[in-house]
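K.L.:
turn this into a structure:
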Amino acid sequence: MTSKTMTPHICNMFGAVVADDLPTVMKLVETDHVDLNQTFRGATALAMAFYKNRESIFHWILNNADEIDLDMPSNDGKGRIEPLLVAACRVGNKEMMTILLNKGADIDAVDNYNHTALWMATRQRRIDIVELLISYGAKINISEMWNESPLYLSLKYPRREKMAAMLILNGACVNFPGESRTKTLLHWCMFHCHKDIIKLLAYTGYNITKEQGIWLSLPARVAEDVEFCRWLKDELSTPPNLQRQCRVAIRRQVLHQEAGRLFLQKLKTLPLPQRLLDYLAMNDIQTELALSSESSESE
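P.N.:
A predicted model of the protein is given here:
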């Protein structure tokens with residue numbers, strides 16, 4: 001299936017890509033002016049070069065072809081229809097992702113499941129790629145559907161605690177429905193004994209008192225932590241102080257701008273003393289959280 005009427009040249013182009021024939025690809029582009037935004041069997045020539053690992057052809061097309069659509073979804077032949085950035089993320093090719101982002105690829109482009117590269121990096125447990133995408137301005141809160149949320153994914157599945165902390169600190173919204181009334185963010189934190197993330201959720205505005213039933217049967221690893229249980233008892237019986245409520249309100253106002261894009265950078269531009277900016281960025285708990293998360297993810 002093609003995006004437009006297919007020309008004979010596009011068939012030749014795909015044959016050249018599969019054969020790893022760079023001279024023919026160059027001729028078809030420079031002399032025959034093949035439209036590289038056409039698709040053959042659901043994929044563009046650039047995507048086919050990526051899927052077939054034809055690196056020289058991929059880089060030549062990327063650097064020499066005019067008006068190429070980097071975000072056009074392509075079929076990988078296995079049922080996935082995805083833009084190149086998501087494909088590169090799925091296979092963990094950080095270098096290729098950086099090249100595509102610097103060439104202007106849409107960082108928030110989605111595949112046929114409505115998943116972004118940020119969601120895919122979370123699924124693949126690539127915290128380095130999550131960090132890269134956040135630094136390039138990926139929307140942390142592009143969707144509040146549980147099955148499209150990187151934060152929900154990071155809490156539902158194990159060994160992603162540090163990733164969840166990074167998403168929350170960088171402006172992930174913590175107030176949205178889970179996949180059911182009982183399978184909430186808090187439920188998954190408790191299921192995986194993510195005590196630090198429970199604290200972080202509370203500090204960023206999640207109302208942990210609304211799910212009282214979850215505290216009736218604490219997992220042993222949680223119940224045995226005297227310090228955490230003391231914190232929990234205070235949290236459930238005492239409303240947050242005004243200072244904390246103000247932090248939540250200000251962070252929430254900022255994260256609603258452009259779905260959380262470049263959240264921490266936007267916080268730094270607020271006309272406030274540095275001490276308050278550090279408090280809003282939650283620098284007071286980041287070090288402790290990072291150390292705890294690192295040890296728990298290595299188990």
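
K.L.:
contacts, neighbours, all on C-alpha from now
P.N.:
Will do.

K.L.:
ok, now which ones touch Met48?
P.N.:
Phe14, Val17, Val18, Asp76 (C-alpha atoms under 8 Å, 6 or more residues apart in numbering).

K.L.:
the second one and Arg80: what is the separation?
P.N.:
Distance, Val17 to Arg80, using C-alpha to C-alpha, to the nearest Å: 20 Å.

K.L.:
ok, and the closest non-adjacent residue to the residue nearest the centre of the chain?
P.N.:
Central residue of the chain (C-alpha atoms, centre = their mean): Leu118, 1.9 Å from the mean position. Sequence neighbours aside, Val130 is the residue nearest to Leu118 in space, at 6.0 Å (criterion: C-alpha to C-alpha, 6 or more residues apart in numbering).

K.L.:
so for that neighbour, what's the pLDDT?
P.N.:
Looking at Val130, its pLDDT is 98.

K.L.:
and the helix or strand encompassing it, what does it pack onto?
P.N.:
Assessed by DSSP states H and E, Val130 sits inside helix 127-135. Other elements packing on helix 127-135 under the criterion 3 or more C-alpha pairs under 8 Å, 6 or more residues apart in numbering; DSSP states H and E are helix 117-123.

K.L.:
distance from the chain centre to the helix it packs on, please.
P.N.:
4 Å (C-alpha atoms, centre = their mean, to the nearest Å).

K.L.:
by contact count, what packs against it?
P.N.:
When contacts are defined as 3+ C-alpha pairs under 8 Å, 6+ apart, helix 117-123 packs onto helix 84-90, helix 127-135, helix 150-156.

K.L.:
can you lay out the ones you listed as TSV showing distance to Ser143?
P.N.:
What follows is the helices and strands packed on helix 117-123, written out as TSV (distance: least, C-alpha to C-alpha, whole Å):
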stretch	distance to Ser143
helix 84-90	16
helix 127-135	15
helix 150-156	9
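
K.L.:
out of these, which is closest to Lys162?
P.N.:
helix 127-135 (8.1 Å; C-alpha to C-alpha).

K.L.:
next, the buried residues of that closest one.
P.N.:
The neighbour-count check on helix 127-135 (16 or more other C-alpha atoms under 10 Å) flags Ile127, Ile129, Val130, Glu131, Leu132, Leu133, Ile134 as buried.

K.L.:
identify, from these, the entry nearest to Leu272.
P.N.:
Ile134 (23.7 Å).

K.L.:
surely the closest one is in contact with Gly260?
P.N.:
No: the pair Ile134 and Gly260 does not pass the contact test of C-alpha atoms under 8 Å, sitting 9.6 Å apart.

K.L.:
now for these two: what residues contact both?
P.N.:
Shared contacts of Ile134 and Gly260, counting by C-alpha under 8 Å, 6+ apart, come down to Ile140, Asn170.

K.L.:
hang on, the earlier thing: more neighbours: Val17 and Arg80, which one.
P.N.:
Neighbours were counted for Val17 and for Arg80 using other C-alpha atoms under 10 Å; Val17 has more, 23 against 14.

K.L.:
just checking, the more buried one touches Ile57?
P.N.:
Yes: if you go by C-alpha under 8 Å, Val17 and Ile57 touch, sitting 7.1 Å apart.

K.L.:
now Leu100: closest residue in space that isn't a chain neighbour?
P.N.:
Leu85 (6.7 Å).

K.L.:
and for His9?
P.N.:
His9 sits nearest to Val34 (C-alpha to C-alpha, 6+ apart), 6.2 Å away.

K.L.:
kindly report the same for Gly42.
P.N.:
In space, Gly42 is closest to Asn75, 5.0 Å off (C-alpha to C-alpha, 6+ apart).

K.L.:
just Val174 next, same as before
P.N.:
Counting by C-alpha to C-alpha, 6+ apart, the residue nearest Val174 is Tyr206, at 6.0 Å.
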